[in-house]
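**Student:** only geometry, no sequence info:
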């Protein structure tokens, strides 16, 4: 039961639980188990904890750059992360005036301001009626959004939040809203709004995933991200993404949990069909009652656990498992703000770059089809705009990334050439951009994976986000929960439901499963 601690007199296990990987999901799982009084060890392969939530001054000594993820609306909205009360352990959230900005070649900006009334007024100025439509959409989210998030981040089946959602659905729009949630993002955007600026806000947020805008599921994801941007913003931890990881580590240490970095796990130890611990690459065996793996599915199933030790359905299911697209990320240290040719009415933290709805749609479709766009959809972050502690006053810590298909040959010189094309997109919208560059770094798929082994081929989502890889299909058909089919072993990574994003749900679900099976 929760709160029960195994008695050493009845076991030779060194720990109640060992967690493989000190990414956010692994640290969430470890914190939950430590809260229950368990002895917990987290083993991390890298010299530093955090997985894809890390920051450093390795681009320029005066600038903090987030190595991977940067803005965390899912963390702020997540009941999992909120339950950990990380603000009591040092996290301070910073928000720019506008959550999202999308500049267009004609000088217009689509802006999602933190105040919904301001957002609506800006959209109505562009296309009369879109402001009212925006406020109607946010009012519907006010009714049902919280229960939707609770259902998404609960273990399957999410009975209680689902029932609460069904109770609230009529007041939120009933069948018409349900139809919209099930629609592709492109159809939803055109159904709800008449102008390009409002459509670009919704579609650009849908582009944070890897689902084509014409595919089912893209509308639901785009709506969720858009409404989170409006209600909780796109916040960043003061001082860098690593501040979020540091708070999780401090919280764990305060509850007696242990963390060992530079300790890569070579194998999950299985005896009598049950996981009984892990073996490190140096040969050390660490025994535990339960093993929780914050490990991407292909590196757990058939990697840390040999294929011949896997249940048949897992071995079969992994044959159809797909990673999400690869990523190329560019970081810049700028001597001044981005010199936008047409300045926005309000500074934005997150920036989307696409010339039009058609170009945005085409770019995402090309990547989904295995092509490399000449003019890719870009996601960017003006981090000093969001958090002034990131660089000296009057400068900007900036990044941008784009997706490319898995499996391409992305040696460093090819990544640098692609980064030049990315940089040219900024130069076209912000003449003189290149003259402000103090330093630039390019991280291609290989470099990203070298810094976090879970990012196979530069994929940041732990597996495809399309419907065939969600719910009970994630990571393989019939699972959908943290249990792996091997007693004592639980999948705690983004490869498990509900997937990628820094919300902690896979880690929390794995910890809950371990506690349940400990009864």
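**Tutor:** Happy to help now that I have it. Because the structure is predicted, anything quoted here is derived from the model rather than measured. Numbering: from 1, shown residues only.
**Student:** what's around the closest residue to residue 205 other than its chain neighbours, how many residues?
**Tutor:** In space, and not counting its chain neighbours, residue 205 is closest to residue 225: 3.8 Å by C-beta to C-beta, 6 or more residues apart in numbering. Using the backbone N, CA and C atoms, a C-beta is placed for each residue, glycine as well. Neighbour count of residue 225, defined by other C-beta atoms under 10 Å: 23.
**Student:** Surely residue 225 is in a helix?
**Tutor:** Yes: under the criterion used here (DSSP: H, G, I helix; E, B strand; the rest coil), residue 225 sits inside a helix.
**Student:** Quick check: it vs residue 218, distance?
**Tutor:** Distance, residue 225 to residue 218, by C-beta to C-beta, to the nearest Å: 11 Å.
**Student:** What of residue 413?
**Tutor:** Distance from residue 413 to residue 218, by C-beta to C-beta: 34 Å.
**Student:** likewise residue 202?
**Tutor:** 10 Å.
**Student:** Domain map for the chain?
**Tutor:** 8-91+238-320+465-517, 129-231 (automatic domain parsing).
**Student:** Need the ones you listed in JSON lines (columns: distance to residue 373 and mean pLDDT).
**Tutor:** Formatted as JSON lines, these follow (distance: least, C-beta to C-beta, whole Å; pLDDT from 0 to 100):
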{"stretch": "domain 8-91+238-320+465-517", "distance to residue 373": "19", "mean pLDDT": "95"}
{"stretch": "domain 129-231", "distance to residue 373": "12", "mean pLDDT": "91"}
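**Student:** longest single helix anywhere in the protein?
**Tutor:** helix 130-152 (DSSP state H).
**Student:** one step back: identify the residues contacting the residue nearest to residue 205.
**Tutor:** Neighbour list for residue 225: 73, 205-206, 208-209 [criterion: C-beta atoms under 8 Å, 6 or more residues apart in numbering].
**Student:** Now, those that are in helices?
**Tutor:** 73, 205-206.
**Student:** still on that earlier bit, residue 413 and residue 218: which has the busier surroundings?
**Tutor:** Taking neighbours as other C-beta under 10 Å, residue 413 and residue 218 compare with residue 218 leading, 28 against 10.
**Student:** isn't that one right next to residue 212, touching?
**Tutor:** Yes: with contact defined as C-beta atoms under 8 Å, residue 218 counts as touching residue 212 (6.5 Å).
**Student:** overlap in contacts of those two?
**Tutor:** What both residue 218 and residue 212 touch, as defined by C-beta under 8 Å, 6+ apart, is the set residue 184.
**Student:** hang on, the earlier thing: out of the domains of the chain, which is closest to residue 442?
**Tutor:** domain 8-91+238-320+465-517 (10.4 Å; C-beta to C-beta).
**Student:** from the middle of its chain, how far away would the closest one be?
**Tutor:** Offset of domain 8-91+238-320+465-517 from its chain centre (C-alpha atoms, centre = their mean, to the nearest Å): 14 Å.
**Student:** Between its first and last residues, how far does stretch 163-180 reach?
**Tutor:** 19 Å (C-alpha to C-alpha, to the nearest Å).
**Student:** so who does residue 73 touch?
**Tutor:** Taking C-beta under 8 Å, 6+ apart as the test, what residue 73 contacts is 99, 225, 228-229, 232-235.
**Student:** Kindly provide the distance from it to residue 327.
**Tutor:** Residue 73 is 19 Å from residue 327, by C-beta to C-beta.
**Student:** same thing with residue 304?
**Tutor:** Taken as C-beta to C-beta, the span from residue 304 to residue 327 is 24 Å.
**Student:** So between these two, which is more surrounded?
**Tutor:** Shown here are residue 304 and residue 327; by other C-beta under 10 Å, residue 327 has more neighbours (23 against 19).
**Student:** thought that one was touching residue 400?
**Tutor:** No: using C-beta under 8 Å, residue 327 is not in contact with residue 400; the gap is 10.9 Å.
**Student:** Which stretches in the stretch 51-200 of the chain count as strands?
**Tutor:** Counting by DSSP state E, counting those that start in this stretch, one finds strands in the stretch 51-200 of the chain at the ranges 55-60, 63-66, 93-94, 98-103, 109-113.
**Student:** Please identify the deepest-packed of those.
**Tutor:** The highest average neighbour count among these, using mean count of other C-beta atoms under 10 Å, belongs to strand 98-103 at a mean of 27.
**Student:** quick one, it and strand 109-113 angle?
**Tutor:** Angle of strand 98-103 versus strand 109-113, following axes from the mean of the first three to the mean of the last three C-alpha atoms, to 10 degrees, is 170 degrees.
**Student:** partner strands of strand 98-103, parallel or antiparallel?
**Tutor:** Sheet pairing for strand 98-103, assigned by DSSP bridges, gives strand 109-113 (antiparallel), strand 348-353 (parallel).
**Student:** Output the ones in helices among the contacts of residue 225 in TSV, with distance to residue 157 appended to each entry.
**Tutor:** Formatted as TSV, the ones in helices among the contacts of residue 225 follow (distance: C-beta to C-beta, whole Å):
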residue	distance to residue 157
73	25
205	27
206	26
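**Student:** just those now: which is nearest residue 451?
**Tutor:** residue 73 (23.4 Å).
**Student:** can you count the residues close to residue 169?
**Tutor:** Residues near residue 169, counting by other C-beta under 10 Å, number 18.
**Student:** residues touching it, list them.
**Tutor:** For residue 169, the contacting residues are 144, 177-178, by C-beta under 8 Å, 6+ apart.
**Student:** now swap in residue 453 and tell me
**Tutor:** Contacts of residue 453 (C-beta under 8 Å, 6+ apart): 45, 296, 299.
**Student:** on that earlier part again, could you list the buried residues of the longest helix of the chain?
**Tutor:** 130-131, 133-135, 137-138, 140-141, 143-152 (16 or more other C-beta atoms under 10 Å).
**Student:** and the angle from it to strand 109-113?
**Tutor:** 50 degrees.
**Student:** I'd like to know which elements helix 130-152 is packed against.
**Tutor:** With contacts defined as 3 or more C-beta pairs under 8 Å, 6 or more residues apart in numbering; DSSP states H and E, helix 130-152 has these neighbours: helix 116-126, helix 159-172, helix 196-206, helix 218-231.
**Student:** Repeat the analysis, applying 7 Å as the threshold.
**Tutor:** helix 116-126, helix 159-172, helix 218-231 (3 or more C-beta pairs under 7 Å, 6 or more residues apart in numbering; DSSP states H and E).
**Student:** List just the one of those that sits closest to residue 478.
**Tutor:** helix 159-172 (19.0 Å).
**Student:** what's the angle from that closest one to helix 130-152?
**Tutor:** 160 degrees.
**Student:** show me the contacts for residue 507.
**Tutor:** Residues counted as contacts of residue 507 (C-beta atoms under 7 Å, 6 or more residues apart in numbering) are 25-26, 28-29, 294, 492.
**Student:** Are any of the residues you listed buried, and if so which?
**Tutor:** 25-26, 28-29, 294, 492.
**Student:** want to throw those residues into CSV with distance to residue 475 and secondary structure?
**Tutor:** Listed next are those as CSV, based on distance: C-beta to C-beta, whole Å; DSSP: H, G, I helix; E, B strand; the rest coil:
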residue, distance to residue 475, secondary structure
25, 14, helix
26, 17, helix
28, 18, helix
29, 17, helix
294, 13, coil
492, 12, coil
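**Student:** Among those residues, which one sits closest to residue 86?
**Tutor:** residue 28 (10.1 Å).
**Student:** who touches the closest one in this structure?
**Tutor:** 80, 504, 507-508.
**Student:** For these, work out which two are farthest apart.
**Tutor:** Farthest pair in the contacts of residue 28, by C-beta to C-beta: 80 and 507, 7.8 Å.
**Student:** how about the strands paired with strand 98-103 in CSV, adding distance to residue 157?
**Tutor:** Below are those laid out as CSV (distance: least, C-beta to C-beta, whole Å):
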stretch, distance to residue 157
strand 109-113, 33
strand 348-353, 33
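**Student:** Residue 473: which of these is closest?
**Tutor:** strand 348-353 (29.1 Å).
**Student:** The closest one to helix 196-206, inter-axis angle?
**Tutor:** Going by the same axes, to 10 degrees, strand 348-353 makes 100 degrees with helix 196-206.
**Student:** Perfect, that will be all.
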